[in-house]
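Okay, here's the prediction I keep looking at, along with the sequence it came from:
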Amino acid sequence: MDLDWNIIGSASTALASIATAVGVLFVAWQIRLTKKQAQAEFEDSLDQQYRALSMLLPVDVLIGKHIEPVSPEIRELIFNYLDLTNEQVYLRAKGRISELTWKSWCLGVSGHMSRPYFKEVYDEVKEASGFTYLDRLIESEYKSDPLFWFK
């Protein structure tokens, strides 16, 4: 009889250990899922900021057509875009932006910076702006991942 109770006790302990391990794995999976969802929401909020800025810019500026004159309002919007971009590069350097999102953003930044008015405003404000993260990205010709700059 004592042997039966030992077997039952051992089996109960084993089942409890397995249940605990399954519970721990489930909690870890939930935490990972929650973290990914929070990161996606954070990245989406930055995308929304970009969309809000780009909707205010004339299409001709966005596609690189020459317009005259460029108003102070357009210059201000482009400056705000540069500021947002600098923040995005900084956030990638800090590991807050996923690789997939970063590749998409980096391609977009490269495209915008090849357009005349974006380049013109950037060249004009670059020395005084403190856009150090954006400066470094441009100097690397968009090939250097900011995530690895400080490791």
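Received, thanks.

Now do the longest helix along the chain: distance to the chain's middle.
Counting residues, the longest helix found in the chain (DSSP state H) is helix 2-56. Relative to its parent chain, helix 2-56 has a centroid offset of 22 Å by CA atoms, centre = their mean, to the nearest Å.

I'd like to know which elements it is packed against.
On a contact count with 3 or more CB pairs under 8 Å, 6 or more residues apart in numbering; DSSP states H and E, helix 2-56 meets helix 72-93. Backbone N, C-alpha and C define where each C-beta goes, glycine included.

Leaving out the residues flanking it, which one is nearest to the residue positioned nearest the centre of the chain?
With distances taken as CA atoms, centre = their mean, residue 97 lies nearest the centre of the chain, 2.8 Å away. Once flanking residues are discounted, residue 97 sits nearest to residue 91: 5.0 Å by CB to CB, 6 or more residues apart in numbering.

element containing residue 141?
Under the criterion DSSP states H and E, no helix or strand holds residue 141.

Pull up the gap between residue 87 and residue 100, please.
Per CB to CB, to the nearest Å, residue 87 is found 19 Å from residue 100.

Roughly how far does residue 129 sit from residue 135?
Distance from residue 129 to residue 135, by CB to CB: 9 Å.
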